[in-house]
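[1] Next comes the sequence, and after it the predicted model I'd like to discuss.
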Amino acid sequence: MAKQYETVIGLEVHVELATKTKIFCSCSTSFGGAPNTHTCPVCTGMPGSLPVLNKQVVEYAIAIGLAANCEITRMCKFDRKNYFYPDNPQNYQISQLYLPIARNGYVEIETGDTKKKVRIHEMHMEEDAGKLVHDEWDDTSIVDYNRSGVPLVEIVSEPDMRSADEVLAYLEKLRLIIQYLGASDCKLQEGSMRADVNLSVREMGSGKLGTRTEMKNLNSFKAIARAIEGERQRQIELLEEGRAVVQETRRWDDNKEYSYAMRSKEDAQDYRYFPEPDLVPIVIDEAWIEKIKMMQPELRDEKLARYKKEYDIPEYDARIITESKRMADIFEKAAAICNNPKKVSNWLMVETLRLLKESGMEPEGIRFSPENLAKLVKLTDSGDINSSVAKQVFVKMFEENIDPESYVKEHGLSTVSDEGELLAVLEQVIADNPQAAADYKNGKEKALGALVGQTMKAMRGKADPGQVNRRLKELLG
Amino acid sequence: MANKISDETMEYVGILAKLRLSDEEKENAKSDMEKMLDYIDTLNELDTTGVEPMSHVFPVNNVFREDIVENGDGSEDTLANAPLKKEQGFKVPKTIG
Ligand SMILES: [Zn+2]
Ligand SMILES: [Zn+2]
């Protein structure tokens, strides 16, 4: 029988924090500036400049640490990690090695019906590097330091994951925690969340860890899943051939679906860490931790549990809605205003998800306000507009966050309650379609549909189809 | 002076520091580094059991900034001394990780 192998995976996840300024200087962190516009002597490593720590970075890091069940290090410090590379103007990265801000945590993940804890070894604060743009034409690279000094936390897990599914569940869990805290937008594609995968394989039942490789350059959930499968296969093939796995860093090429070695252990970096002398220690007392705990918003798991109790909506819907903080906020506010959680949930689950998918948007990018969604629900509840008009108004609201009440008024979309006008139209439609009217009278039920359609068209959708149906039957009966 | 630094170590340090040294420069650097190690040996004569390693001279903690943007466009100063520039960036030999 063929040997059975087990995959052992640990993750290093970098998350860019949502601060307005960089970690050690007052330069802006906003995206899209022309190269090197968000720079100063500190974030370009000019001699004599002095870093000063952004307090918000520490508070976000504590908040994430607490939410991931970590112990917060009461006295933590920064260290210098030395390496030479053009994206790193100081020739060292300010990071934390000896006393990281948080340690010994865990998050609970769910795959299928099984729950499991993934332990977090440590989490530290550090600065991001600059960006290199390669110019194929003249064989040079252009360096932009706008990202240099943008605050990051690096979350290092224990090797507790055994499959790509578990890895994705773990990343999803971190994303939800951090997004709910408002500490980062956690977008893999845009690089505000990055995952390096440490992977080894071993024979099933073996207690010893195999030699691991580290994979970089994974910028989507799909790429991560493919890279894990590819690397697992590669390592098993090596072992089956009686060869050894080399401990090395590999770069995943998602187009070629293949990873190649970047550097091996023989020429491994030796970072010569030492304490950062320009930054004083951070002492975190009980009072500070308590204050941050108090400000901690309700996290996803708590929200899900509360939805089950408070709202009469299916668990599946509750899960989807709480998968995005923005969606959950809209749901709760709109439900509170219009007092109809079920209808609000329907709008989110059906039309919103459909339009998001169509426009390739994330739920975090939803533009319409909960107030406007509540208004739309009220307009349909009261029968002021019918469901097809409501859908039409919703699309407009999704695109431009229009106020449904004034939109309906301005465009004359409300259902006509004026029986006289409806009656006149109905009589006209019957007169114009004598064949259909005759067919219906002779027992062809289907013929009524055509007449309803004609009426709705003549009324420009403003009539209630149910009402039109009833009135037609009366007139033809 | 102790003979502590081997040729291999010199080679390795050169690689880490991305420096290409001539034989003469290597010898000089080696003797400088050995002097430093001698100094460390002198320090090591002291018994430091139970003494916390010190990273800062002043007993100051928690020096923070508020998260407020104060710096404007710094590109001109940043690029002022760039040996080579292109498209408002530093131009360097092609470098790929
Ligand atoms: Zn700066
Ligand atoms: Zn890092």
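    Happy to help now that I have it. Numbering: from 1, shown residues only, chains lettered A, B, ... in the order given. Ligands and ions are numbered 1, 2, ... in the order given.
[2] For chain B, what lies in contact range of chain A?
    B:12, B:15-18, B:53, B:55-56, B:58, B:60-71, B:73-75, B:77-79, B:86-97 (C-beta under 8 Å from any C-beta of the partner chain). All C-beta atoms are positioned from the backbone trio N, CA, C, and that covers glycine.
[3] Which ones among those lie within helices?
    Using DSSP state H, the members of these that fall in helices are B:12, B:15-16, B:75, B:77-79.
[4] Ranking by neighbours, what's the top pick from these?
    B:Thr78 (24 neighbours; other C-beta atoms under 10 Å in any protein chain shown).
[5] from the chain's centre, how far out does stretch A:469-477 sit?
    52 Å (C-alpha atoms, centre = their mean, to the nearest Å).
[6] One more: stretch A:319-337?
    14 Å.
[7] who touches it?
    With C-beta atoms under 8 Å, 6 or more residues apart in numbering or on different chains as the test, stretch A:319-337 has contacts from A:176, A:179-180, A:182, A:300, A:303-304, A:307, A:311, A:313, A:341, A:344-345, A:348-349, A:352-353, A:362-366, A:368-371, A:373-374, A:377.
[8] Same question for stretch A:29-38.
    A:19-22, A:27-28, A:142, A:144-146, A:150-151, B:71, B:73-75, B:78-79, B:87-90.
[9] Report the rounded mean pLDDT for that stretch.
    Throughout stretch A:29-38, pLDDT has a mean value of 94.
[10] Alpha carbons only: can I get it in CSV?
    Extracted in CSV, the C-alpha atoms of stretch A:29-38 (Å, rounded to 0.1, in the frame of the first residue of the first chain):
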residue,chain,number,x,y,z
THR,A,29,-0.1,56.1,4.6
SER,A,30,-2.7,56.8,1.9
PHE,A,31,-2.4,54.9,-1.3
GLY,A,32,-1.9,56.3,-4.8
GLY,A,33,0.4,59.2,-4.1
ALA,A,34,3.1,60.0,-6.8
PRO,A,35,6.4,58.1,-6.0
ASN,A,36,8.2,59.4,-2.9
THR,A,37,5.7,62.1,-2.0
HIS,A,38,4.9,60.5,1.3
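[11] related to what we said a few turns ago, out of the residues of chain B next to chain A, which end up buried?
    In the residues of chain B next to chain A, burial by neighbour count holds for B:55, B:65, B:67, B:71, B:74-75, B:78-79, B:86, B:88-92, counting by 16 or more other C-beta atoms under 10 Å in any protein chain shown.
[12] what residues does the stretch 1-150 of chain A put near chain B?
    So the stretch 1-150 of chain A meets chain B at A:19-21, A:25-28, A:34-41, A:44, A:52-58, A:75, A:77, A:82, A:84-86, A:132-135, A:139-145 (C-beta under 8 Å from any C-beta).
[13] Just the buried ones from those residues, in PyMOL syntax?
    Remark: buried members of those, expressed as a PyMOL selection using 16+ other C-beta under 10 Å:
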select buried, chain A and resi 19+21+25+26+27+28+35+36+37+38+39+40+41+44+52+53+54+55+56+57+58+77+82+86+132+140+141+142+143+144+145
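[14] So which of the residues of the stretch 1-150 of chain A next to chain B are in helices?
    Going by DSSP H, the helices hold A:55-58 from the residues of the stretch 1-150 of chain A next to chain B.
[15] list the buried ones in stretch A:60-78?
    A:60-68, A:70, A:72-73, A:76-78.
[16] same thing with stretch A:459-474?
    Result for stretch A:459-474 [16+ other C-beta under 10 Å]: buried residues A:459, A:462-465, A:467-469, A:471-472.
[17] Show me which of these is closest to ligand 1.
    A:Lys462 (58.7 Å; C-beta to the ion).
[18] pLDDT below threshold where in chain B?
    B:1-3, B:97 (pLDDT under 70).
[19] Could you point out the longest strand of it?
    strand B:89-93 (DSSP state E).
[20] Given that strand, what are its sheet partners and their directions?
    strand A:140-144 (antiparallel), strand B:85-86 (antiparallel) (DSSP bridges).
[21] so can I have JSON lines of these showing distance to ligand 1?
    Formatted as JSON lines, the strands paired with strand B:89-93 follow (distance: least, C-beta to the ion, whole Å):
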{"stretch": "strand A:140-144", "distance to ligand 1": "13"}
{"stretch": "strand B:85-86", "distance to ligand 1": "19"}
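[22] A:Asp439 belongs to a strand?
    No - counting by DSSP: H, G, I helix; E, B strand; the rest coil, A:Asp439 is located in no strand; its state is helix.
[23] With adjacent residues omitted, what lies nearest to the residue nearest the centre of chain B?
    Compute the mean C-alpha point of chain B, and by C-alpha atoms, centre = their mean the closest residue is B:Ala17, 8.6 Å away. The shortest distance from B:Ala17 to any non-neighbouring residue, by C-beta to C-beta, 6 or more residues apart in numbering or on different chains, is to A:Phe84 (7.1 Å).
[24] What is the top helix by length along chain B packed up against?
    Looking across chain B with DSSP H, the single longest helix is helix B:23-44. Helix B:23-44 sits against helix B:7-16, with contacts defined as 3 or more C-beta pairs under 8 Å, 6 or more residues apart in numbering or on different chains; DSSP states H and E.
[25] Mind listing what's buried along the helix it packs on?
    Quick answer for helix B:7-16 (16+ other C-beta under 10 Å): B:10, B:13.
[26] CA atoms only: put it into CSV for me.
    Extracted C-alpha coordinates of helix B:7-16, given in CSV (Å, rounded to 0.1, in the frame of the first residue of the first chain):
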residue,chain,number,x,y,z
ASP,B,7,39.2,33.9,6.8
GLU,B,8,35.9,32.2,6.3
THR,B,9,34.2,34.5,8.9
MET,B,10,35.6,37.5,7.0
GLU,B,11,34.3,36.1,3.8
TYR,B,12,30.8,35.6,5.3
VAL,B,13,30.7,39.0,6.9
GLY,B,14,31.6,40.5,3.5
ILE,B,15,28.7,38.6,1.9
LEU,B,16,26.2,39.8,4.6
